[in-house]
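**Student:** Turn this into a model:
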Amino acid sequence: MLKIFHNPRCSKSRQGLAILEESKVPFEIIKYLDQPPTIEELTILIKKLDISPIQLIRKGEAVWKENYKGKTLTDTQIIEAMSTYPKLIERPIVIDGNKAVIGRPPVLIKDLL
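**Tutor:** Numbering: from 1, shown residues only. Predicted coordinates:
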């Protein structure tokens, strides 16, 4: 079953959710701000996305600018930051088994359908 890391306040995330709803494919909504992913879950997700941890960071977020910008961080530290501050996680993310995609733009979600 597909899963979507969703933030209802984000327009791109809402657009990604609409794509899934229109597809009629069953999926699960994960409101990751309410239930932040663990370090282990983020590590697995990053592998499914086939990216480096820094590529999953929303660098425009205030918490990033105030606490991390300009610092040299290890991948582990970046993952810990996302687990502590889930608002830093790029969205939406759609997961299908061992594959995942960041829906930016949301049309990229169709690649998994």
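**Student:** Now for Asn98: which residues touch it?
**Tutor:** Residues counted as contacts of Asn98 (CB atoms under 8 Å, 6 or more residues apart in numbering) are Lys48. (Each C-beta comes from the backbone N, C-alpha and C, glycine too.)
**Student:** Could you check how far Glu41 is from Ile95?
**Tutor:** 10 Å (CB to CB, to the nearest Å).
**Student:** So for those two, which sits in the more crowded spot?
**Tutor:** Legend: neighbour count by other CB atoms under 10 Å for Glu41 and Ile95, higher for Ile95 (21 against 14).
**Student:** Could you double-check that the more buried one sits in contact with Gly16?
**Tutor:** No: with contacts counted by CB atoms under 8 Å, Ile95 stays clear of Gly16, the gap being 11.9 Å.
**Student:** Overlap of the contact sets of the two?
**Tutor:** Common neighbours of Ile95 and Gly16 (CB under 8 Å, 6+ apart) are Ile4.
**Student:** In this protein, which helix is the longest?
**Tutor:** Determined from DSSP state H, the single longest helix within the chain is helix 11-23.
**Student:** Tell me where this structure has strands.
**Tutor:** 2-5, 27-30, 93-96, 99-102 (DSSP state E).
**Student:** pLDDT averaged over the third one, what's the number?
**Tutor:** Mean pLDDT, strand 93-96: 98.
**Student:** Please name every helix or strand in contact with that strand.
**Tutor:** strand 2-5, helix 39-49, strand 99-102 (3 or more CB pairs under 8 Å, 6 or more residues apart in numbering; DSSP states H and E).
**Student:** what lines up beside that strand in the sheet?
**Tutor:** strand 2-5 (antiparallel), strand 99-102 (antiparallel) (DSSP bridges).
**Student:** Relative to Ile89, how far out is the closest residue to Lys59 other than its chain neighbours?
**Tutor:** Once flanking residues are discounted, Lys59 sits nearest to Lys69: 7.2 Å by CB to CB, 6 or more residues apart in numbering. As defined by CB to CB, Lys69 lies at a distance of 16 Å from Ile89.
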